[in-house]
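> Here is my input; please provide its structure:
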Amino acid sequence: MNLARVLVLATVVFSTWSLPAGAFLPGGEIELTLEVLYPGPGGRNRVACSRTQSIAGHAVLHWSIAWDAASFEDDRASRFTPGAADCEKKADGQAEAPEGSEVGSGQLSVGGSLSATVRRQMQDERVLEVTSDMFVPRVATDEAGSDGPEPVSEAHHSRTLNFAQGASTYIPIALCPLPVGTDCADPSGYLRLTARERLPEERLVFGKIHFAGLGENAQLSLDGFELTRPAAGRDWTLDLVEPGIHRVELQDHNGASIQRLVRVEPGRTTVAAFQSSGESVAGFALEPLGENDQGYLEYRRPKDQAIVIRIPEGEFLMGNSEAERSPKEHRVWLSEFLIDKTGVTWGQYKQFASETGTPMPAHETYWTITDRQPVVYVTWEESRAYCQWAGARLPTEAEREKAARGTDGRLYAWGNEEPSPERAVFRVSWGYGHPAEVDSHPLGASPYGALHMGGNLWEWCEDWYEKDYYDASPFENPTGPPAGTAHVVRGGSWDSRPAVLNASVRSWGHRGYRDGDFGFRCAMSIPD
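Okay, here's the model as predicted:
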């Protein structure tokens, strides 16, 4: 093949307009990057072209890619050369990119369009809904009298991208000329779409560092510059810190020096702790505590001092057709497992943040926080990272329901009685509320002794959420669908109506979602 004859030309045209005020919550624009990928040597994808566009409300993107028809050989991986020409955005007023038609003598093209719309999901979460149309050329088999490739529209591809933390998706495309009535043997190429949130400049400037465990006469420095604390004390927060990696150093009155590297993110607080947190304990090294009031064994997890309860193996009834959204009743068998007695607290999360350099949750609460209150405003990924750090994992949806309701088919964690303020924290009336400390409300304990399994906070589960998953759920140790766009949350919260505290009610949140009524607890598998 004459590589010099290969032509890669891609054009992307964007037309944008804003949605009406209030159609989505305030925030930065969404940065959407479209890339056309084709197979290269060694099975690695190459980027034929790319284009990035900021979207405030809605945008329509047209794209096309062209090649020299005479350059094609049987080796599809050789169709395009590395270092091919970059995309060139069409000038204003020019025609839209061709959709599967000829772009020049001896050339063929594949093209399509994307419709991208910003949508509101739940409270402060936004997602990008993308619908793709693709046009593939059909090459006439009789060359005499042929008018060239015929553009044929392919099926729609719909995607939903959550961009609170960034998201990507791949859409297969056919980068080959096709005889009329035939199809490509394989997709041969992909569109890669990547969405990220672009915050306004004033929200991107500073973060905070919270110093914990300082001595009375300890001296602090940041990136080699000495800091002056306003008053002596063991804790202090430094505001207006530029995002990025920083080196902090503490020097005590004896001259001993302790250094930490911390990552500061915009609008978030990173904890730098200087007291020893003890040795890390991995695996199944748990401290036995004996039986609890319900007769089940409890242990202490040394890493974060969490108390965990041993849940015996066996079958239970999952789902309740009378609960909200009518989750289908079905029998499930679970292996023995351990689950935290309470939700993870602010105090525990601060230890995790200080040891790993993870920033504290991005939002501040309007209520006073204590170390025994459950941590909130954590995403699914942050919750999962904490559990892994502690030597645990997030519970599956089935484990969460069994730990909440046991094996007697009860409606709520405490039994069949309606929710009451003595048993749970929920929305008794309209107005401001907040979660209670994790070891409160013992009257609402589950059959195994777990607290706040109904109310206080929605809690993340490991499973992807799918509305009809129970129709195909396996009988033994179900773990949810293999993929999805959101994860299961269970339990209801301090802001939920009483009916939502039913132990079978399911809800969901996207991976990047964070709110003041979302938290988590961990679980552990028991080795064979």
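> Quick one: end-to-end length of stretch 462-475, please.
Stretch 462-475 has an end-to-end distance of 18 Å (criterion: C-alpha to C-alpha, to the nearest Å).
> mind listing what's buried in it?
In terms of neighbour count (16 or more other C-beta atoms under 10 Å), stretch 462-475 has its buried residues at 462-466, 469-470, 473. Just so you know, the C-beta spots here come from the backbone N, C-alpha and C atoms, and that holds for glycine as well.
> Got the confidence number for the nearest residue to residue 308 once chain neighbours are set aside?
With sequence-adjacent residues excluded and distances taken as C-beta to C-beta, 6 or more residues apart in numbering, residue 308 is closest to residue 338, at 4.4 Å. pLDDT, residue 338: 96.
> Could you count how many residues lie near residue 351?
When neighbours are counted by other C-beta atoms under 10 Å, residue 351 registers 24.
> Provide the secondary structure category for the residue nearest to residue 308.
Using DSSP: H, G, I helix; E, B strand; the rest coil, the secondary structure recorded for residue 338 is strand.
> what sits opposite it in the beta ladder?
Beta bridges link residue 338 to residue 310, residue 524, judged by DSSP bridges.
> which ones are touching it?
Residues near residue 338 by C-beta atoms under 8 Å, 6 or more residues apart in numbering: 286, 299, 308-311, 523-526.
> one more time with 10 Å, if that's ok
284, 286, 297-299, 301, 306, 308-311, 392, 395, 399, 403, 522-526 (C-beta atoms under 10 Å, 6 or more residues apart in numbering).
> Just the ones of those in helices?
Counted as lying in helices by DSSP state H, out of the contacts of residue 338, are 399, 403.
> Now a PyMOL select for only the buried ones of the contacts of residue 338.
In PyMOL, this line selects whichever of these come out buried by 16+ other C-beta under 10 Å:
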select buried, resi 286+297+298+299+301+306+308+309+310+311+392+395+399+403+522+523+524
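> Just the strands from the stretch 251-400 of the chain, written as ranges.
Here the stretch 251-400 of the chain has its strands, by DSSP state E, counting those that start in this stretch, at 257-264, 269-273, 287-291, 297-301, 306-311, 314-318, 330-334, 337-340.
> So in that sheet, which strands flank the fourth one, and in what orientation?
This points to strand 297-301. Here strand 297-301 has these sheet partners by DSSP bridges: strand 287-291 (antiparallel), strand 306-311 (antiparallel).
> do you know how far residue 54 is from residue 168?
From residue 54 across to residue 168, the span is 17 Å (C-beta to C-beta, to the nearest Å).
> give me the low-pLDDT residue ranges for the stretch 251-400 of the chain?
In the prediction, the stretch 251-400 of the chain carries residues with pLDDT under 70 at positions 253-256, 275-284.
> I meant the stretch 401-528 of the chain, not that one.
For the stretch 401-528 of the chain, the stretches with pLDDT under 70 are 430, 528.
> what's the answer for the stretch 1-150 of the chain, then?
1-28, 39-45, 65-110, 120-126, 135-150.
> Provide a list of residues in contact with residue 376.
By C-beta under 10 Å, 6+ apart, the contact set of residue 376 is 343, 346, 349, 361, 363, 365, 367, 369, 434-435, 457-458, 493-494, 514-520.
> should've said residue 331
With contact set as C-beta under 10 Å, 6+ apart, residue 331 has these partners: 315-319, 475.
> ok, these vs residue 444, which is closest?
Set against residue 444, the nearest of the contacts of residue 331 by C-beta to C-beta is residue 316 (19.3 Å).
> State the distance from residue 336 to residue 475.
Using C-beta to C-beta, residue 336 is found at 17 Å from residue 475.
> For residue 245, find the nearest of the strands of the stretch 251-400 of the chain.
Evaluated over the strands of the stretch 251-400 of the chain, closeness to residue 245 peaks at strand 257-264, with 5.6 Å, by C-beta to C-beta.
> Tabulate the strands paired with strand 297-301 (a markdown table), appending distance to residue 262.
Shown next, in a markdown table, are the strands paired with strand 297-301 (distance: least, C-beta to C-beta, whole Å):
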| stretch | distance to residue 262 |
| --- | --- |
| strand 287-291 | 31 |
| strand 306-311 | 25 |
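> For residue 236, which of those is the nearest?
Closest among the strands paired with strand 297-301, once you apply C-beta to C-beta, is strand 306-311, at 27.7 Å.
> what residues are up against the nearest residue to residue 349 once chain neighbours are set aside?
Using C-beta to C-beta, 6+ apart and skipping residues adjacent in sequence, the residue nearest residue 349 is residue 375, 4.2 Å away. Residue 375 is in contact with 343-350, 352-353, 360-361, 369, 382-383, 386, 435, 438, 457, 518-520, counting by C-beta under 10 Å, 6+ apart.
> List buried residues within those residues.
Among the contacts of residue 375, those classed as buried by 16+ other C-beta under 10 Å are 343-350, 352-353, 360-361, 382-383, 386, 435, 438, 457, 518-520.
> Let's see which of these end up in helices.
Using DSSP H, the buried ones among the contacts of residue 375 in helices are 346-350, 352-353, 382-383, 386.
> now, among the residues you listed, which is nearest to residue 500?
Nearest to residue 500 among these: residue 383, at 20.1 Å, using C-beta to C-beta.
> Distance check, the closest residue to that closest one other than its chain neighbours against residue 216.
Residue nearest to residue 383 in three dimensions, not counting chain neighbours: residue 520, with 3.9 Å by C-beta to C-beta, 6+ apart. Distance, residue 520 to residue 216, using C-beta to C-beta: 36 Å.
> cool, and residue 327?
As for residue 327, its distance to residue 216 is 56 Å (criterion: C-beta to C-beta).
> out of these two, which sits in the busier spot?
Comparing residue 327 with residue 216 by other C-beta under 10 Å, the one with more neighbours is residue 327, at 21 against 9.
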